[in-house]
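>>> below are the sequence and a predicted model; questions follow.
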Amino acid sequence: MRILVTGASGFVGSLLVPRLCADGHEVRALGRDRERMRAALAGTRGTERRDDAELVRADVLSSAGLARALAGVEIAYYLIHSMERAANGDAPFPERELLGAQNFAAAAAHAGVGRIVYLGGLAPHRDTPRASSHAAVDADARLSRHLASREQVERVLLAAIPDSVALRASIVIGARSRSFRLLVHLVERLPVLTLPAWQALRTQPIDERDVIEMLVACATARLPRSSLDIGGPDVLTYGEMLTRIAELMLVNRPALTLRVNLTALTARVAAAIAGEDPELVVALMEGLQGDLLPAEHDAAELLGVRLHRFDAAVEHALAEWLQSEALAAR
């Protein structure tokens, strides 16, 4: 099967490309910079045949190179997300996300792609009918910019090609996951974990290995609905996640809970501590308005994936992390 993977230099895309190659698919990896793609794929460990992918340069914002990249493609994975600060003169990230999705959807439909597979985000509500993701979400105003953008992109892609599939996840546990890295850096660099009120919110973090297997299965699976909420087997608060990460890193980090969120302030403080882009952290923390839990719990069964527990996911991610860089807390 001929498959296109966008965002091939990113966290999920760089893991998915060699996994699809190992299954014997003809894989085309898309990105804006071939050298970044080569570096990301060369850094993918524990996989084989990663050099079998064809690297193509294209840009979803300008549509440059999309027609060539999609020629003859049967399945296209859309793994492009951007929440960083806009360059001078660029539109805010929700507008860039929407434009990129619209350009890609139009090009994919014109090329005759059979299915788009999209990895989006869980929302703290699920008011829409589960049978379809094409309907507008009435409660978008209650969503953060980040989560509203994810749902908007999902609707655009799924409307373009009817047999498309969206997976919705919260935190993906992996060495290159920026959400996970933020949590690890906070554990490393804060002698006392000072946690805003959102520390009591619950979610179901999922192992990167399980996400990749689910994405692979989505290429051929016949599914009862177009969108699947995915999560790991453990329901944890954000405070519990940080505590478990600290314990698995063998460091002692007492916690102090605040009664308020002060998102704009705490996000920028967290970004400074973790050495992360403040715009990214603000966008992520704005989404912490409620529990981020799957509405249904049958995705793993439908896709034939056996889930890893949270501790196993963290241990695997930390082991991968240590293969390329040190953990300051150890």
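All right, it came through fine. Residues are numbered from 1 along each chain as shown.

>>> who touches stretch 306-326?
With CB atoms under 8 Å, 6 or more residues apart in numbering as the contact definition, stretch 306-326 has outside contacts at 43, 45, 173-175, 177, 180, 184, 205-210, 232-234, 236, 241, 244-245, 248-249, 300, 327, 330. Bear in mind the C-beta positions are built from the backbone N, C-alpha and C, glycine included.

>>> can I get it in CSV? Just the C-alpha atoms.
Below are the C-alpha coordinates for stretch 306-326, written out as CSV (Å, rounded to 0.1, in the frame of the first residue of the first chain):
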residue,chain,number,x,y,z
ARG,A,306,-2.9,-4.2,23.9
LEU,A,307,-2.3,-1.2,26.0
HIS,A,308,0.7,-0.5,28.3
ARG,A,309,0.2,0.7,31.8
PHE,A,310,1.4,4.2,32.8
ASP,A,311,4.4,3.1,34.8
ALA,A,312,5.6,0.9,31.9
ALA,A,313,5.1,3.8,29.4
VAL,A,314,7.1,6.2,31.6
GLU,A,315,9.9,3.7,32.2
HIS,A,316,10.2,3.1,28.4
ALA,A,317,10.2,6.8,27.6
LEU,A,318,12.9,7.5,30.2
ALA,A,319,15.0,4.7,28.9
GLU,A,320,14.7,6.1,25.4
TRP,A,321,15.5,9.6,26.7
LEU,A,322,18.7,8.4,28.4
GLN,A,323,20.0,7.0,25.1
SER,A,324,20.4,10.5,23.7
GLU,A,325,20.6,12.8,26.7
ALA,A,326,21.1,12.8,30.4
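
>>> and A107, how far from A67?
For A107, the distance to A67 (CB to CB, to the nearest Å) stands at 6 Å.

>>> so between those two, which is more surrounded?
A107 (21 against 12; other CB atoms under 10 Å).

>>> for that one, what are its contacts?
Counting by CB under 8 Å, 6+ apart, the residues that A107 touches are 63, 66-67, 70.
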